[in-house]
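Novice: make a model of this:
(4 chains)
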There are 2 protein chains.
Amino acid sequence: MTNESSETFLPKRDERLGLLIWFRLSRVYSHSLRETHQHLKKWGLSAAQFDMLAQIGAHDRLTQQQLADKLFVTKGNITQLISKLEEQGFAQREQEWKSKYVSLTEKGRTLFDDVVPVQEQFQASQYDALSRDEKKQLLRLLKKIQD
Amino acid sequence: MTNESSETFLPKRDERLGLLIWFRLSRVYSHSLRETHQHLKKWGLSAAQFDMLAQIGAHDRLTQQQLADKLFVTKGNITQLISKLEEQGFAQREQEWKSKYVSLTEKGRTLFDDVVPVQEQFQASQYDALSRDEKKQLLRLLKKIQD
DNA sequence: TGCTATCAGTTTAGACCTAAACTGATAGCA
DNA sequence: TGCTATCAGTTTAGGTCTAAACTGATAGCA
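Specialist: I've put the predicted structure just below:
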C-alpha cells in the first residue's frame, strides 16, 4: 500500500498523516530488508534463513509452532524453511511427545557464531542516523502502534 | 531479521536499541500488511494490486519504469503485475515513443473510486493509537532514517 | 555508416510466504 | 469404548518479489 494518491481526496489531516506513515514505513522496511539480503550474501544465507538460524540458536528447545510465533510467519512456512536448513546440515528436528523440537547442529552452531554477531551489528547500524534518544522515542512509538 | 538473540552477545547498548527497532519495525510492518490484505479481500484485490491501482489512478501518464520507482519494486515485477491488471480489464498500456504509458480503463477507474478512499481510510486508521503530535514525530524519525 | 552505450520492458528461475485442506496423534468425555 | 475437539506439522496451489539475462530501440559519436 505504498501510495501517495490521497491528494485526490483531500482527506482529513490526520488521515493524511497516517497514510504518509504507512508509505514511509514500508519504504524504510523494504529498503532495510534489501540491504540485509545483500549483506547476508557473503554467507550464502537469505534473510529468512538468518532469522531462523538466529532464533533457533538463541533458544535451545523450540517447537516449530513456537518458532512460527516468534518469527510471525505461518507454520507451513516454518516446515519449508526448516527442511532447507536441515538439508544443508545446519538444523535438526527431534520428535518428542507430540511436537518436534528444533535445534542447531554442530555445523549450524559454527555458522551461528560466525554470522549472527556481524549481522546484528550491521542490522543495528541501519539506524545510526538517529541519536540514542531518538531511537528510544521511535521504539516507544512503534510499541504503541502495536498495542 | 526479526530476532531477539542479541542477549547472547551483550552488545553495546546502542546496538541493542537498533536491533530492537528493527525487530519491532518488521513486526509492525508485517502485521499491517496482513491486515491490509485481509481488508482488501472484499474487492478481490491483493495489496500489490491495490498499490498499483492507487498509483496509476493518482497520476495519469506513468511509464512502467516510473511506476517501479514509485512503488520501490523491480521493473520485472511491474511487468507481471500490469499484465494481470490488464487481463482483468483494469489497466491498459500504450506504447509511445520508446516507453509504455500505463493508465486505468473505465472499469479500472470505477474500481479506483470505489476502493481507494475506503482503503486509505483503513490504512490510516492503523495508526490511530498515536496522537497527532506522535504521528508527526514518527514521520520525522522515519524520514531521518531514510536519508 | 557502423560501433557502442544505454534504456524500457520482458522473461526466467527461484526464493519466500500465505491460506486452506490435510494427516495423525492426543485428550476429554459420555 | 467410541465420538469429537484440538493441536503440531505437512502439503499444495498460488501470489509476490528479485536478480540476471535477454530483446529491441534509440542515441552518440568516430
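Novice: and the most centrally placed residue in chain A, what element?
Specialist: In chain A, the C-alpha nearest the mean C-alpha coordinate belongs to residue A:51, at 5.7 Å (CA atoms, centre = their mean). Using DSSP states H and E, residue A:51 sits in helix A:47-58.
Novice: now for that helix, which elements pack on it?
Specialist: When contacts are defined as 3 or more CB pairs under 8 Å, 6 or more residues apart in numbering or on different chains; DSSP states H and E, helix A:47-58 packs onto helix A:13-40, helix A:64-71, helix A:75-87, strand A:91-96, strand A:99-104, helix A:106-125. (Glycine included, C-beta is placed from N, CA and C.)
Novice: can you pull the buried residues of the fifth one?
Specialist: Under the neighbour-count criterion of 16 or more other CB atoms under 10 Å in any protein chain shown, strand A:99-104 has A:100, A:101, A:102, A:103, A:104 buried.
Novice: tell me, what's the model's pLDDT at residue A:13?
Specialist: Looking at residue A:13, its pLDDT stands at 66.
Novice: where does pLDDT dip in chain A?
Specialist: A:1-14 (pLDDT under 70).
Novice: what parts of chain A come near DNA strand C?
Specialist: Within reach of DNA strand C by CB under 7 Å from any atom of the strand, chain A has these residues: A:46-49, A:72-74, A:76-77, A:80-81, A:84, A:97-98.
Novice: put the alpha carbons of the helix holding residue A:51 into PDB.
Specialist: What follows is helix A:47-58, C-alpha atoms only, in PDB (Å, rounded to 0.1, in the frame of the first residue of the first chain):
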ATOM      1  CA  ALA A  47      17.100 -13.100   5.300                       C
ATOM      2  CA  ALA A  48      14.500 -15.700   6.200                       C
ATOM      3  CA  GLN A  49      17.200 -18.300   6.800                       C
ATOM      4  CA  PHE A  50      19.100 -15.900   9.000                       C
ATOM      5  CA  ASP A  51      16.000 -15.200  11.100                       C
ATOM      6  CA  MET A  52      15.500 -18.900  11.600                       C
ATOM      7  CA  LEU A  53      19.200 -19.500  12.500                       C
ATOM      8  CA  ALA A  54      19.300 -16.600  14.900                       C
ATOM      9  CA  GLN A  55      16.100 -17.600  16.600                       C
ATOM     10  CA  ILE A  56      17.000 -21.300  16.900                       C
ATOM     11  CA  GLY A  57      20.400 -20.500  18.200                       C
ATOM     12  CA  ALA A  58      19.200 -18.100  20.800                       C
END
